[in-house]
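Chemist: kindly generate the corresponding structure for this input.
(chains A and B)
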Amino acid sequence: MSREMPSEDNSILEGQPETQAQEESALKSPAESLEREPLNAEQLLEDEKTRLKAFKRKATKMVAAFMLASSITFGVGCNRDTNLLKGQGVQAGETLQKSEKSEEEQEFIKKLEAIPSTFETWRVVAKDWDYMYQHINLRVLKNNLEALQENVPAEQRISEARIDELVRGLDSDASSGKIDFKQSVEEELKRIDSIIDGKPELLLNETQNLGREIYQYADSTLGNNDGKLDAKEEEKANQIRYMSSSFVVRDMELEAQERIGQLNEQAAEKLTEGTIIEKSHEPKKVRGRLVFVPGGNRVVKGIPGLAVGFGLKAIPGLRVKSEQFVVTIKGTVDGREVTKEVGVDKETYDRLSSGDTYRVEVEK
Amino acid sequence: MDNNLYKIKQLLANTDLSPEDQKALYVMFSAKDDAELEPVVELFVEQPESVMLINDNFKAKKAAVLAKDKSLWDKAINDEVATLEQLTKSKKS
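Modeler: Residues are numbered from 1 along each chain as shown, chains lettered A, B, ... in the order given. Below you'll find the predicted structure:
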């Protein structure tokens, strides 16, 4: 299963200036920064709306897209938090400790990046926040590995000892060579991928749990600023909150949902027997309409009795839509519960009731 | 299944945008309810060149908000208005 790296947001994560204007802004002194006018999302959106009003009729879609970009930037009307202002510590031009990573860590990160797996989130986290992987990602990885196996047949499960070994391998022995890091991790994660490919619901749950866990971690450990955190750590905490509530988790959720949809569709195609859960009947529709044909008469004004034989003439016509009988059946294919709509004839429709079993005739 | 979001993903894949920028736009739009993306899909289909404009616009706004700099925001909006003026002007002619 392919998974895209959410690298789009690295500009935020790494604090790299994205535009020349931003770069210039970052160079301003603190005093200059303090003099900046604060951003009031509500006011700015209102102002923009007023300014774009004049173009609304002629460039409706473009105006809508611009307004959408603004509202998303401020997290207004979004189904998740995208308010960039929430990450108060995030400042333009600041590089997040990239250069402070040790060679060993960089090596570790390289290895993580080389592994195809469903744990992209952690690789991203590890890539940008080295301390995150040191503190929690191994624990979460272990929890996730265990949780993923809950609904997996016993023979496919990875043993607890193997998980421990895997986590240990990730933890400290990765660079020492005590464990063949690449082979063991790749093997296990490939197996997990194959499990998830068959059960994307697990991935969805796992992703949602992951998001919650990152958020909780950020809140409980980094969020309670009791004086132990310096400004940089506090800033990281803000970024983790932003990250956890936004793109990475959402993206993985979308992929999982997409895969679930595909599997449901595939399963529905195979469904040949199920219980009737709904019946719907669309009666024959006969709609009157006027059909215009050439040849209508028009009286020339001012000349009584003179009729000119051209123009269009309206005559009544009919549009017919045939009667339809549909039953919705629910059944199981490959352990997946699916529903399917089946067109039937009137006789079958009348004979069947909700709860009855219906078998789809499959052409051989 | 998010249909419009899916369409946007496909449309972005056919542009010259870098994979990073494609992904950034995709995840940006994924924050909105699918129905709200209808005009964006239509815009991208009718005017594929608008993808670049929206990409630049979003980047500029994001930079302004991250820098918490109103002058940057104002600049982004001024550019936006200028684009719309040009667009509506060319439609007239």
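Chemist: just the element for A:Arg51, please.
Modeler: Taking DSSP states H and E as the definition, A:Arg51 sits inside helix A:41-52.
Chemist: quick one: buried residues of that helix?
Modeler: Within helix A:41-52, the residues that count as buried by 16 or more other Cβ atoms under 10 Å in any protein chain shown are A:Ala41, A:Leu44, A:Leu45, A:Glu48, A:Leu52. For glycine as for every other residue, the C-beta is placed from the backbone atoms N, C-alpha and C.
Chemist: mind checking the SS state of A:Lys279?
Modeler: strand (DSSP: H, G, I helix; E, B strand; the rest coil).
Chemist: contacting residues for it?
Modeler: Going by Cβ atoms under 8 Å, 6 or more residues apart in numbering or on different chains, A:Lys279 touches A:Phe325, A:Val326, A:Val327, A:Thr328, A:Tyr349, A:Leu352, A:Ser353, A:Ser354.
Chemist: ok, 7 Å please
Modeler: Shown in contact with A:Lys279 (Cβ atoms under 7 Å, 6 or more residues apart in numbering or on different chains): A:Val327, A:Tyr349, A:Ser354.
Chemist: run a quick neighbour tally on the last one.
Modeler: Spelled out, it's A:Ser354. 11 (other Cβ atoms under 10 Å in any protein chain shown).
Chemist: so it touches A:Ile277, yeah?
Modeler: Yes: counting by Cβ atoms under 7 Å, A:Ser354 touches A:Ile277, with 6.4 Å between them.
Chemist: what helices or strands is the helix holding A:Arg51 leaning on?
Modeler: Helix A:41-52 sits against helix A:60-73, helix B:70-92, with contacts defined as 3 or more Cβ pairs under 7 Å, 6 or more residues apart in numbering or on different chains; DSSP states H and E.
Chemist: and the pLDDT for A:Ser102?
Modeler: For A:Ser102, the model assigns a pLDDT of 49.
Chemist: what angle sits between the lowest-mean-pLDDT helix or strand in chain B and helix A:60-73?
Modeler: Sorting the helices and strands of chain B by mean pLDDT, DSSP states H and E puts helix B:19-29 at the bottom, at a mean of 77. Inter-element angle recorded for helix B:19-29 and helix A:60-73: 90 degrees (by axes from the mean of the first three to the mean of the last three Cα atoms, to 10 degrees).
Chemist: name the next helix or strand downstream of helix B:19-29, please.
Modeler: Going down the chain from helix B:19-29, the next helix or strand is helix B:38-46, by DSSP H and E.
Chemist: is stretch B:74-82 in proximity to chain A?
Modeler: Yes: using Cβ under 7 Å from any Cβ of the partner chain, stretch B:74-82 comes into contact with chain A via B:Lys75, B:Ile77, B:Glu80, B:Val81.
Chemist: where's the third one relative to B:Glu36, distance?
Modeler: Between B:Glu80 and B:Glu36 the distance is 19 Å, computed by Cβ to Cβ, to the nearest Å.
Chemist: who are the contact partners of A:Met67?
Modeler: Neighbouring residues of A:Met67 by Cβ under 7 Å, 6+ apart: A:Glu48, A:Lys49, A:Leu52.
Chemist: got TSV for these, with pLDDT too?
Modeler: Below are these laid out as TSV (pLDDT from 0 to 100):
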residue	pLDDT
A:Glu48	92
A:Lys49	90
A:Leu52	91
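Chemist: nearest to chain B, of the residues you listed?
Modeler: Compare each of the contacts of A:Met67 with chain B using Cβ to the nearest Cβ and the shortest gap goes to A:Glu48, at 5.6 Å.
Chemist: wait, that closest one sits on A:Ser70?
Modeler: Yes: using Cβ under 7 Å, A:Glu48 is in contact with A:Ser70, at 5.7 Å.
Chemist: check which residues of stretch A:56-74 are buried.
Modeler: Residues A:59, A:61-74 are the ones in stretch A:56-74 that count as buried (16+ other Cβ under 10 Å).
Chemist: check stretch B:65-73 too.
Modeler: Of the residues in stretch B:65-73, those buried by neighbour count under the rule 16+ other Cβ under 10 Å are B:Val65, B:Leu66, B:Ala67, B:Lys68, B:Asp69, B:Lys70, B:Leu72, B:Trp73.
Chemist: circling back: residues in contact with the helix holding A:Arg51?
Modeler: Residues outside helix A:41-52 that contact it (Cβ under 7 Å, 6+ apart): A:Val63, A:Phe66, A:Met67, A:Ser70, A:Ser71, A:Phe74, A:Val76, A:Leu85, B:Trp73, B:Ile77, B:Val81, B:Leu84.
Chemist: can you count the residues close to the last one?
Modeler: When you say that, I think you mean B:Leu84. Residues lying near B:Leu84 (other Cβ under 10 Å) number 21.
Chemist: list the residues that contact A:Tyr349.
Modeler: Under the criterion of Cβ under 7 Å, 6+ apart, the neighbours of A:Tyr349 are A:Lys279, A:His281, A:Phe325, A:Val327.
Chemist: against B:Val81, how distant is the residue sitting nearest the centre point of chain B?
Modeler: Among the residues of chain B, the one closest to the centroid is B:Ile54, at 2.3 Å (Cα atoms, centre = their mean). From B:Ile54 over to B:Val81 the distance is 15 Å, taken as Cβ to Cβ.
Chemist: how about A:Met62?
Modeler: In this view, A:Met62 and B:Val81 are 11 Å apart by Cβ to Cβ.
Chemist: check B:Val27 too.
Modeler: From B:Val27 to B:Val81 the distance is 26 Å (Cβ to Cβ).
Chemist: higher neighbour count, the two?
Modeler: The neighbour comparison of B:Val27 against B:Val81 (other Cβ under 10 Å) goes to B:Val27, with 22 against 16.
Chemist: still on that earlier bit, as a markdown table, the helices and strands packed on helix A:41-52 with distance to B:Gln47 and mean pLDDT would be great.
Modeler: Putting the helices and strands packed on helix A:41-52 into a markdown table (distance: least, Cβ to Cβ, whole Å; pLDDT from 0 to 100) gives the following:
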| stretch | distance to B:Gln47 | mean pLDDT |
| --- | --- | --- |
| helix A:60-73 | 8 | 89 |
| helix B:70-92 | 9 | 87 |
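Chemist: can you redo those as TSV with distance to B:Lys7?
Modeler: Output for the helices and strands packed on helix A:41-52, formatted as TSV (distance: least, Cβ to Cβ, whole Å):
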stretch	distance to B:Lys7
helix A:60-73	14
helix B:70-92	22
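Chemist: and those helices: which comes nearest A:Gly261?
Modeler: helix A:60-73 (24.0 Å; Cβ to Cβ).
Chemist: CA atoms only for the closest one - export them in PDB, please.
Modeler: C-alpha atoms of helix A:60-73 as PDB (Å, rounded to 0.1, in the frame of the first residue of the first chain):
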ATOM      1  CA  THR A  60     -17.500  33.600  -8.900                       C
ATOM      2  CA  LYS A  61     -15.400  30.500  -8.700                       C
ATOM      3  CA  MET A  62     -12.100  32.300  -8.300                       C
ATOM      4  CA  VAL A  63     -13.500  34.400  -5.600                       C
ATOM      5  CA  ALA A  64     -14.800  31.300  -3.800                       C
ATOM      6  CA  ALA A  65     -11.400  29.700  -4.100                       C
ATOM      7  CA  PHE A  66      -9.500  32.700  -2.700                       C
ATOM      8  CA  MET A  67     -12.000  33.000   0.200                       C
ATOM      9  CA  LEU A  68     -11.700  29.300   0.800                       C
ATOM     10  CA  ALA A  69      -7.900  29.600   1.000                       C
ATOM     11  CA  SER A  70      -8.200  32.400   3.600                       C
ATOM     12  CA  SER A  71     -10.800  30.600   5.700                       C
ATOM     13  CA  ILE A  72      -8.700  27.500   5.800                       C
ATOM     14  CA  THR A  73      -5.600  29.400   6.800                       C
END
